[in-house]
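Student: My questions concern the predicted model and sequence given below.
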Amino acid sequence: MKKYLIITLIILAFQSCVGAQKNSELFTIYLVRHSEKDLTTNNHSNPPLTQCGEQRSENLSDFLKDVNLDVVYSTDYSRTQKTALPTALSKGLEITGYNPQELEKFSKLLIANQQDALVVGHSNTTGVLAGLLVGEEIGAFDLDIYDRVYQALIYKNSGRLQLLHTAFDCND
């Protein structure tokens, strides 16, 4: 009889753990601005990254190497795609596009999907989107800032925001 009771308790404990994992409503979204763009190019509307920007993008991948990600999002610009690429490749993920003109709609999608994600955007969208995810008003930030990583922890549709900084320093 004891043996059956122990086996039953083990099965119930296992089912409880599996159920808790599947129904977990805690997920994390990391938001970053694209890396340094090349302002010397003739392509002013969609410039590539500088060498420093490419190095920063690799550094971002290293920064997130121990972070679980289910999806990587980027706007449809060369500089955001190239910033997201090293992390996407290291995680074996495709880059999914989003429209930076529809941040409110995109924030609702991110919350509904409940996935650990990296979102690469721009100086005028990254802070705004981070704020929308946690119910705070955050605006654009200065064009010279590249080291910010917003970490939005979302639990049951309520969020908390942490501002992290990378330690990368370009040696151009």
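Tutor: Received it, and whenever you're ready, just let me know what you need.
Student: Can you list the low-confidence ranges for the protein?
Tutor: 1-23, 172 (pLDDT under 70).
Student: Can you show me the strands along it?
Tutor: 26-33, 71-74, 95-97, 117-121, 148-155, 158-165 (DSSP state E).
Student: Can you name every helix or strand that the fifth one contacts?
Tutor: Contacts of strand 148-155 with other secondary structure elements, assessed using 3 or more C-beta pairs under 8 Å, 6 or more residues apart in numbering; DSSP states H and E, are made with strand 26-33, helix 126-134, strand 158-165. In this view, the C-beta of every residue, glycine as well, is placed from N, C-alpha and C.
Student: quick one: contacts for Asp70?
Tutor: Listed by C-beta atoms under 8 Å, 6 or more residues apart in numbering, the contact set of Asp70 reads 93, 115-117.
Student: can you pull up the bridge partners for the residue most central in space within the chain?
Tutor: Nearest to the mean C-alpha position of the chain, by C-alpha atoms, centre = their mean, lies Leu118 at 1.9 Å. Note on Leu118: beta-bridge partners Tyr30, Val72, judged by DSSP bridges.
Student: thinking it is in contact with Leu64, fair?
Tutor: Yes - with contact defined as C-beta atoms under 8 Å, Leu118 reaches Leu64; the gap is 6.7 Å.
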